[in-house]
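>>> Pasting a predicted model and its sequence here:
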Amino acid sequence: MGEAEAHQSVQALATSLCSLPPEFVRPEQEQPGATTFHGAAAPDAPVIDMSVPGSGARIAAAAREWGLFQVVNHGVPPAAVAELQRVGRAFFALPQAEKQRHAMDPASGKIEGYGTKLQRDLDGKKTWNDFFFHVVAPPAMVDHGIWPERPEGYREANEEYCRHMQRLTSDLFEHLSLGLGLDKGAMAEAFGGDDLVFLQKINFYPPCPQPELTLGVAPHTDMSTVTILVPNEVQGLQVFRDGHWYDAKYVPDALIVHIGDQIEIFSNGEYKAVLHRTTVNKEKTRMSWPVFVEPPGELVVGPHPKLVSDESPAKYKAKKYKDYQHCKINKLPM
């Protein structure tokens, strides 16, 4: 990859295009224009009101059947969400040179910072996405030197939002543990308790001249335990279910919860990590703010012993989370 290509963002590229460069055009079997299921028969991912009795059972059922659900009345103040979105939008409105000062340095082995998906994947294709990515908890892992000085209020907004994510994650873990017939604290204990790692990401998908041919993010499951995501109002998240791609419809004030690989492993396959992808829009910028909740790297994650028996043998190998990450990122055997 040449120096100019390495430093060009999709955001900058998008301002000068009338048609999509060929390296962004997905193979026909991956193009959202041809592979998205529309119509009255399209199912909607569950929307769960966390304030009503029985919501925990609904969360567990959605984790089994979908691997993705949306929650409302989740206790995260609208003002905290709005401020997180404000500072994220303001960061991406900064001059390119200022954003570039926060560029991630893959050669250093650090995954934090400002970056772009201009790098090709294994089949030579690129995705339509820029991002900013950093750890927000636990304090010992946070490097504020990576966080932007502008816009004003960025640090305060992210720290407050993270506190709400920690509380919501605790609630979700309790519901999901009980849904497996385990003690309510089983999942939190297995994933590291107070040492849980929270990574905040901002995804930026600028307007695209031919959105039906490309993707913002290619199909994948998340490595995390859970991912909790707030989108803007532009439709884009899609879920693979029963052999089809469906839109996860935008629900105002909802947070979207993805079940990640680590919960699938812990549950010995009872809960399903959701296969998902992201589409883009011709006229509008789509943004999303996912928080990835991960175990500490040295922690060994495997199926919970109470979920393994002669009738239900272990479906996954126990391994350190950092080793799991290495295998998945490098597409090595698990």
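That came in fine, so what should we check first? From a predicted model like this one, the values you see are computed outputs, not experimental measurements. Numbers count the residues shown, from 1 in each chain.
>>> Residue 256: helix or strand, and which one exactly?
Assessed by DSSP states H and E, residue 256 sits inside strand 255-259.
>>> Tell me the strands beside that strand, with direction?
strand 68-72 (antiparallel), strand 226-231 (antiparallel) (DSSP bridges).
>>> Residues contacting the last one, please?
If you take Cβ atoms under 8 Å, 6 or more residues apart in numbering as the criterion, strand 226-231 is touched by 81, 84-85, 165, 168-169, 172, 237, 250, 255-260, 263, 286-293. C-beta here means a position set from N, CA and C on the backbone, and glycine is covered the same way.
>>> picking that back up, give me the distance from the strand holding residue 256 to the chain's centre.
Averaging C-alpha positions (Cα atoms, centre = their mean, to the nearest Å) puts strand 255-259 8 Å from its chain's average.
>>> buried stuff in it?
By 16 or more other Cβ atoms under 10 Å, the buried positions in strand 255-259 come out as 255, 256, 257, 258, 259.
>>> circling back: list only buried entries from the contacts of strand 226-231.
The neighbour-count criterion (16+ other Cβ under 10 Å) marks 81, 84-85, 165, 168-169, 172, 237, 255-260, 263, 286-293 among the contacts of strand 226-231 as buried.
>>> For the stretch 51-200 of the chain, which segments count as helices?
Along the stretch 51-200 of the chain, counting by DSSP state H, counting those that start in this stretch, helices occupy 55-65, 78-92, 96-100, 154-179, 186-190.
>>> Any idea how far apart the tips of stretch 229-249 sit?
One end of stretch 229-249 to the other measures 13 Å (Cα to Cα, to the nearest Å).
>>> and it, how far out from the chain's middle?
Chain-centre distance of stretch 229-249: 12 Å, with Cα atoms, centre = their mean.
>>> Quick check: buried residues in that stretch?
Judged by neighbour count (16+ other Cβ under 10 Å), stretch 229-249 contains these buried residues: 229-232, 234, 236-241, 245-248.
>>> Pass me the low-pLDDT residue ranges in this structure, would you?
Applying pLDDT under 70 to the chain flags the ranges 1-7, 109, 117-123.
>>> please redo it, this time with the cut-off set to 50
Under the criterion pLDDT under 50, the flagged ranges of the chain are 1-7.
>>> isn't residue 289 right next to residue 82, touching?
No. Between residue 289 and residue 82 there is no contact under Cβ atoms under 8 Å: 11.2 Å.
>>> Residue 298 versus residue 263, what's the distance?
19 Å (Cβ to Cβ, to the nearest Å).
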